[in-house]
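Q: output the structure for:
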Amino acid sequence: MADLDVLSREELVALAKELWESNQLLQSEVSALRAESERLKKDPPSGIARAVPSFVKPSRPAKPKRPKKKRPHSYVRHREEPTKITEHAVEECPDCGRKLFGGWVHRVRQVIEIPVIRYEVIEHRFLRCRCGVCGKNYVASADLSGEVIGKHRIGVRLMSLLVYLKQSCRMPVRSIQRLMKSLWGLHLSIGEIAEALHAAARFGQGVYEALKEKVRGSPFVHGDETGWREDGKNHWLWSFCTPEARLFVMDKSRGQAVPPRVLGERYGGIVVSDFLSAYSYHLGLHQRCWVHYLRDLKALSEGRPKDMGVQQWVRDVRDLYDEAKAFRSDKRGERVRAREQFQERLYALALPYAKRECPQRLLAQRITRFVQEMFTFVEHPDIPSDNNPAERALRPAVIYRKVCGGTRSEKGSATAATLMSLVGTWSLNGQDPLTACIQMLGAGSGIQSLSHQP
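A: I've put the predicted structure just below:
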């Protein structure tokens, strides 16, 4: 402003005229640019690549809208069927004090609680009656096989609960004892709980033998074993599984005499197992577990990350296995030829490393020894290439062993193996172990009869 004050009138008029002309020029350019922009919006040019800023994301095609999943209870909390209803109402008006009657349900709140109950003791009294005509005495006899086993005082439902807590919940006997005392006020001695478990196992021995026959008649069986402790000594828990049954056997040995004793000397199915030599007794078809072998391949690869020869050999073996897994054919002859070709290729991969010192020598020797038993799943598509069912069957037993520390006697080991087999098979077939055990122990006639006593 100080510079403008020193200008004369003529200089100010000339400056204003210059600014007016510049303003007119800028307005004309803005109008032209607006017109050009509107024209380009209506008729954009084709084939002209425009620079896209780096922050602009490319347009993605809109995903088709999927129909909403129908939910039976929407997103609200599921309400249970009430067993007891308590109504809350205002008895009188807070303002005028008038008595209030009737009303309607404004809101509902459910509280789930367990009842406080005491255990029930059922005393069966057998009365002696005398006939006044013939002078003979008669005592009623009741068949209690549906309520209790033998001369035990523990009923079927309580005995089934003890089996469920011991096997499914993997609770030690002392923990079961404390739970009985806390929930129902029932005191059971350690020996009585143990004897109840033995009785349940003896009663289920017939079902256990039926499971053994089912496993022996299966077209294939998974076998595995894990360590066990019996009275502080090392034993082995063997698992033999099929898609419908789980059989556990306790033995002192991990040798090859155990599988034929369980499956039979003339078992004609396919044995799926790891690379333990105890399963080599079987003269029929085998399938060795590829999961175990791939796990060892992974360990070898991670232990030698800079050895390109090892890395390439591991990739070749893994690629061959993936190719075998992807093979499909409905013709038996093609599957047999494919199995033979996979065996030859795997043997060719292993042979150069099986007889010389190298990191993969042991895994190569394993292939040369078991190559005839590595691709049975190619010829028989129903046979899995892994032993995962047996591994999964043993996992609860391993947890049981870690929690309880094993068993104390040979009788306890036999009871544990029997109950593991029953509970494992029930769970495998989608049955509730508690309900199934009650049904097994309660399978009695329940028919009362009269017995004559003079």
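Q: at which residues are the strands of the stretch 1-150 of the chain located?
A: 128-130, 137-141 (DSSP state E, counting those that start in this stretch).
Q: typo on my end, the stretch 151-300 of the chain
A: Using DSSP E, counting those that start in this stretch, strands in the stretch 151-300 of the chain cover 220-230, 233-241, 246-251, 270-273, 286-288.
Q: how about the stretch 301-450 of the chain?
A: Under DSSP E, counting those that start in this stretch, the stretch 301-450 of the chain gives strands at 449-453.
Q: now it, which segments are flagged as low pLDDT?
A: Scanning the stretch 301-450 of the chain for pLDDT under 70 picks out 444-450.
Q: hey, where'd the helices end up in it?
A: Shown for the stretch 301-450 of the chain, the helices assigned by DSSP state H, counting those that start in this stretch span residues 308-326, 332-354, 361-370, 376-379, 388-404, 410-428, 433-441.
Q: how about the strands of the stretch 1-150 of the chain in JSON lines, adding distance to Arg369?
A: (Glycine included, C-beta is placed from N, CA and C.) Output for the strands of the stretch 1-150 of the chain, formatted as JSON lines (distance: least, CB to CB, whole Å):
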{"stretch": "strand 128-130", "distance to Arg369": "76"}
{"stretch": "strand 137-141", "distance to Arg369": "66"}
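Q: what's the most buried one of those strands?
A: Sort the strands of the stretch 1-150 of the chain by mean neighbour count, taking mean count of other CB atoms under 10 Å, and strand 137-141 sits at the top with a mean of 13.
Q: start to end distance for stretch 226-240?
A: 12 Å (CA to CA, to the nearest Å).
Q: okay, buried residues for it please.
A: Thr226, Trp228, Glu230, His235, Trp236, Leu237, Trp238, Ser239, Phe240 (16 or more other CB atoms under 10 Å).
Q: doesn't Lys411 make contact with the third one?
A: No: using CB atoms under 8 Å, Glu230 and Lys411 do not qualify as a contacting pair, with a distance of 10.2 Å.
Q: related to what we said a few turns ago, among the strands of the stretch 151-300 of the chain, which is nearest Gly424?
A: strand 246-251 (3.7 Å; CB to CB).
Q: domain map for this protein?
A: With domains defined by automatic domain parsing, the chain comprises 204-287+388-419, 290-379.
Q: looking at those domains, which is buried most?
A: domain 204-287+388-419 (a mean of 18).
Q: and Tyr267, how close does it get to Lys411?
A: 28 Å (CB to CB, to the nearest Å).
Q: burial of Asp5, as a residue count?
A: When neighbours are counted by other CB atoms under 10 Å, Asp5 registers 6.
Q: list the contacts of Tyr321.
A: Trp290, Leu294, Ser385 (CB atoms under 8 Å, 6 or more residues apart in numbering).
Q: and with 10 Å instead?
A: Trp290, Tyr293, Leu294, Leu297, Phe342, Leu346, Met374, Phe375, Ser385 (CB atoms under 10 Å, 6 or more residues apart in numbering).
Q: same question for Val121.
A: Per CB under 10 Å, 6+ apart, neighbours of Val121: Arg153, Gly155, Leu186.
Q: returning to that earlier point: just send the strands of the stretch 151-300 of the chain back as CSV, with distance to Phe370 too.
A: Listed next are these as CSV, based on distance: least, CB to CB, whole Å:
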stretch, distance to Phe370
strand 220-230, 15
strand 233-241, 20
strand 246-251, 24
strand 270-273, 10
strand 286-288, 5
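Q: tell me which of those strands sits nearest to Ala89.
A: strand 246-251 (56.5 Å).
Q: what packs against that closest one?
A: On a contact count with 3 or more CB pairs under 10 Å, 6 or more residues apart in numbering; DSSP states H and E, strand 246-251 meets helix 205-216, strand 220-230, strand 233-241, helix 258-263, helix 388-404, helix 410-428.
Q: got these as CSV, with distance to Val314 columns?
A: Rendered in CSV, the data for the helices and strands packed on strand 246-251 read as follows (distance: least, CB to CB, whole Å):
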stretch, distance to Val314
helix 205-216, 36
strand 220-230, 25
strand 233-241, 30
helix 258-263, 31
helix 388-404, 22
helix 410-428, 35
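Q: between these, which one is closest to Lys331.
A: By CB to CB (comparing all of those), the closest turns out to be strand 220-230, at 21.0 Å.
Q: separation between the closest residue to Arg408 other than its chain neighbours and Glu225?
A: In space, and not counting its chain neighbours, Arg408 is closest to Asp231: 5.5 Å by CB to CB, 6 or more residues apart in numbering. Taking CB to CB as the measure, Asp231 falls 19 Å from Glu225.
Q: can I get the strands of the stretch 1-150 of the chain in TSV including mean pLDDT and distance to Asp95?
A: Formatted as TSV, the strands of the stretch 1-150 of the chain follow (pLDDT from 0 to 100; distance: least, CB to CB, whole Å):
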stretch	mean pLDDT	distance to Asp95
strand 128-130	91	72
strand 137-141	89	69
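Q: wait, His152 sits on Glu195?
A: Yes: here His152 reaches Glu195: they are 7.7 Å apart, a contact under CB atoms under 10 Å.
Q: I am finished for the moment; much appreciated.
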